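Chemist: Fold the following.
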Amino acid sequence: MTDIVTTPALPPETASRSLFQLAALRFRRNRAAMAGCVMLVLIAMFSFLGPHFISHSYDQVFPSYVSIPPSFEPRPDASSLQDVIEGVAGRARVELKEFAVEGQTFTATVTSDKPIDPRATRYFDRANEFDSTQVVATENDGKTLKLTGSVSREYFLFGTDSNGRDLMARVMLGGQISIAVGLLASLVSLSIGVLYGATSGYIGGRVDNVMMRFVEILYSLPFVFLVVVLVVFFGRSFILIFLVIGAVEWLDMARIVRGQTLALKRREFIGAAQALGLTDWQIIRRHIIPNTIGPVVVFVTVVVPKVILLESFLSFLGLGVQAPLTSWGALIAEGANNIQSAPWLLIFPAIFFVLTLFSLNFAGDGLRDALDPKDR
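Modeler: Next up, the predicted model:
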């Protein structure tokens, strides 16, 4: 009789996950961070895809609709058309006898003491409210004309500014410029600051001392003076804006990364990497920079709205985005000057700016928690 030896069943093998997969899993579990990312995507779609779905351009001027409040109703309304066509008839030097509107078509009868030139219909087409005006009948030896045409109705969901431009189209354009400048300038400051700060903090000694003194020298230079010098040498352009801002904002990034590097270079895993014979650049690239990602990501989410404000400051001085181009910061500055007469000029760009700010903060906190080496 022999004993039957049974071996315990081995647990099923589980697929291993990389550090990036684990970080992505932790990030998806953060509801606030995911909500912030969804909001950022919606704002980006509104800014970059929205202009393709509206009929107005950012520089299109509507003289008849200057500083009108936001509304879901089409403009003009039936009550204002009578006043509008009387004004057009006055400019054409004719007298309005009859006027009626049926749906999208209007009919009018105008008279004068002298024969009326049929080209007077151009006065009607020049108004934003009427289009395709033509003469359908001539009476009294040309002294009476019967006109017909279409009523051109426009929607201004965000209202218009003091120049009669659609605020929604300008908010979309402002989002394009503000988001692009914020991200590109932050990318420039991230690339320079992380590499500079990690190198300075890890090497230390005289190299660190010289590199930090250089940073302090740049801190002492006036920001506006630096921008003016660069504009004089390279000319005014959109690319120069984010290059200048990024070239200044990297100073804070370098200091933050240097402080993190000074704390990391004394850790055991850095000593183990040195014992394995890794070069300084390999240690900086593989161990120092990845372990500073958490604070750096959070700082980047703070830099983006700061860059947007800096861009609006440059535009106010005439060194940034020039009219008819605009940005959220420039729209907010314009709306603040007209807050009593036209508060919607401030409300709508401020809403998008604040939503972007909160979304970046929530996304940054989620990225910090997901990329924190202590949670791995």
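Chemist: got the contact list for the residue nearest to Val215 when sequence neighbours are not counted?
Modeler: With sequence-adjacent residues excluded and distances taken as Cβ to Cβ, 6 or more residues apart in numbering, Val215 is closest to Leu251, at 5.5 Å. Bear in mind the C-beta positions are built from the backbone N, C-alpha and C, glycine included. If you count contacts by Cβ atoms under 8 Å, 6 or more residues apart in numbering, Leu251 has them with Gly193, Val215, Leu218, Tyr219.
Chemist: Would you mark the buried spots in whichever strand or helix holds Leu251?
Modeler: Taking DSSP states H and E as the criterion, Leu251 maps to helix 238-264. Neighbour-count burial for helix 238-264 flags 240-258, 260-261, 264 (criterion: 16 or more other Cβ atoms under 10 Å).
Chemist: quick revisit: neighbour count added to the contacts of Leu251, as TSV?
Modeler: Formatted as TSV, the entries for these read as follows, by neighbours: other Cβ atoms under 10 Å:
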residue	neighbour count
Gly193	26
Val215	18
Leu218	13
Tyr219	12
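Chemist: Which of those fall within strands?
Modeler: Of these, none are assigned to strands by DSSP state E.
Chemist: Show only the entries of those found in helices.
Modeler: Those of those mapping onto helices are Gly193, Val215, Leu218, Tyr219, per DSSP state H.
Chemist: ok now the lengthiest strand in the chain, how far from the chain's centre?
Modeler: Ranked by number of residues, the top strand in the chain under DSSP E is strand 130-139. Using Cα atoms, centre = their mean, to the nearest Å, the mean C-alpha position of strand 130-139 is found 45 Å from that of the whole chain.
Chemist: before we move on, what about stretch 104-113?
Modeler: With Cα atoms, centre = their mean as the basis, stretch 104-113 stands 46 Å off its chain's centre.
Chemist: List the buried residues for that stretch?
Modeler: Phe106, Ala108, Thr109, Val110, Thr111, Ser112.
Chemist: Tell me the one of the contacts of Leu251 nearest Glu268?
Modeler: Comparing the contacts of Leu251 against Glu268 with Cβ to Cβ picks out Gly193 as the nearest, at 26.7 Å.
Chemist: Pretty sure the closest one sits against Ala247.
Modeler: No - between Gly193 and Ala247 there is no contact under Cβ atoms under 8 Å: 10.4 Å.
Chemist: quick one: pLDDT of Tyr219?
Modeler: At Tyr219, the pLDDT value in this model is 82.
Chemist: hang on, Ser327 packs against Glu311?
Modeler: Yes - using Cβ under 8 Å, Ser327 is in contact with Glu311, at 5.8 Å.
Chemist: Run through the helices of this structure in chain order.
Modeler: Under DSSP H, the chain gives helices at 19-29, 31-49, 78-91, 121-126, 167-203, 205-220, 223-234, 238-264, 268-275, 280-283, 289-291, 293-316, 328-337, 344-371.
Chemist: quick one on the thing from earlier: quick one: common contacting residues for Ser327 and Glu311?
Modeler: Ile177, Ser178, Val181, Gly320, Val321.
Chemist: In CSV, list these along with neighbour count, distance to Thr199 and pLDDT.
Modeler: Output for these, formatted as CSV (neighbours: other Cβ atoms under 10 Å; distance: Cβ to Cβ, whole Å; pLDDT from 0 to 100):
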residue, neighbour count, distance to Thr199, pLDDT
Ile177, 24, 33, 88
Ser178, 29, 32, 86
Val181, 28, 27, 84
Gly320, 26, 32, 71
Val321, 22, 34, 76
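Chemist: Enumerate every residue touching Ser312.
Modeler: Gly320, Ser327, Trp328, Gly329, Ala330, Ile332, Ala333.
Chemist: The same query, at a cut-off of 7 Å, please.
Modeler: Ser327, Gly329, Ala330, Ile332, Ala333 (Cβ atoms under 7 Å, 6 or more residues apart in numbering).
Chemist: for Val110, same thing?
Modeler: Going by Cβ under 7 Å, 6+ apart, Val110 touches Ala89, Val94, Glu95, Leu96, Lys97, Ile116, Leu145, Leu147.
Chemist: hey, what's it bridged with?
Modeler: Leu96, Leu145 (DSSP bridges).
Chemist: Stretch 261-276: end-to-end distance?
Modeler: Start-to-end span of stretch 261-276 (Cα to Cα, to the nearest Å) is 20 Å.
Chemist: Identify each buried residue in it, please.
Modeler: In stretch 261-276, counting by 16+ other Cβ under 10 Å, buried: Thr261, Leu264, Lys265, Ile270, Ala273.
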